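Q: below is the sequence, then the predicted model.
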Amino acid sequence: MTNLIPTHKCDDAACAALAAASNQEVIPYIGALLQCLQDLNWPIAGPVAERLAVMGIELAEPIKEVLSGNDEIWKYWLVSHLLHMVRPEVYQALLFKLNHMRRNPTAAERTEEVHDAVCCLLAARGMG
């Protein structure tokens, strides 16, 4: 099978293989694929986000790890884009963390507009 993880920001072959892969084939690579969303300006980011968005509950924990980390830009891209598209069960699994981020944002989350993105997401999708 062709590599499912893009190796550079314009890796169309990996994006095509990823789009054709089953969820079971994608699951082992969720963490690596989320790294492709560290900058949504990369050409691979859109196709990777669209593919990840149709994944099930197995997507929630890796996203929660990113949201609990210190990479505010990565958090911003996930919250402002990917989490608007994920399945309801994934969103519900992240709701506690998102509400915590809304109520208790770090200084860095405020500076990098993660807090604003969280508030917009919760307003758009509901708080539970």
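A: Received it, and whenever you're ready, just let me know what you need.
Q: quick check: mean pLDDT of the longest helix seen in the chain?
A: With secondary structure taken from DSSP state H, the chain has its longest helix at helix 88-103. Helix 88-103 shows a mean pLDDT of 97.
Q: so residue 9 sits against residue 44, correct?
A: Yes. When contacts are counted by Cβ atoms under 8 Å, residue 9 is listed as touching residue 44 (5.7 Å). For glycine as for every other residue, the C-beta is placed from the backbone atoms N, C-alpha and C.
Q: helix or strand for residue 32, just tell me which one.
A: helix 30-35 (DSSP states H and E).
Q: pLDDT value on the residue nearest to the spatial centre of the chain, please?
A: In the chain, the residue lying closest to the centroid (Cα atoms, centre = their mean) is residue 78, at 3.9 Å. Looking at residue 78, its pLDDT reads 98.
Q: residues contacting it?
A: 34, 37, 63, 66, 67 (Cβ atoms under 8 Å, 6 or more residues apart in numbering).
Q: do that again at 10 Å, thanks
A: By Cβ atoms under 10 Å, 6 or more residues apart in numbering, the contact list for residue 78 reads 34, 37-38, 40, 49, 52, 63, 66-67, 71, 84, 86, 94, 114, 117, 121.
Q: residue 106 too?
A: By Cβ under 10 Å, 6+ apart, the contact list for residue 106 reads 70, 72, 75, 112, 114, 115.
Q: buried set for the helix holding residue 32?
A: Of all the residues in helix 30-35, those buried under the rule 16 or more other Cβ atoms under 10 Å are 30, 33, 34.
Q: mind putting the residues you listed in a markdown table, pLDDT included?
A: Converted to a markdown table, the buried residues of helix 30-35 look like this (pLDDT from 0 to 100):
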| residue | pLDDT |
| --- | --- |
| 30 | 97 |
| 33 | 97 |
| 34 | 98 |
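Q: coming back round to it: the residue nearest to the centre of the chain: what secondary structure?
A: helix (DSSP: H, G, I helix; E, B strand; the rest coil).
Q: follow-up on the earlier one: compare the contacts of residue 106 and tell me which is most surrounded.
A: Most neighbours among the contacts of residue 106, by other Cβ atoms under 10 Å: residue 75, with 26 neighbours.
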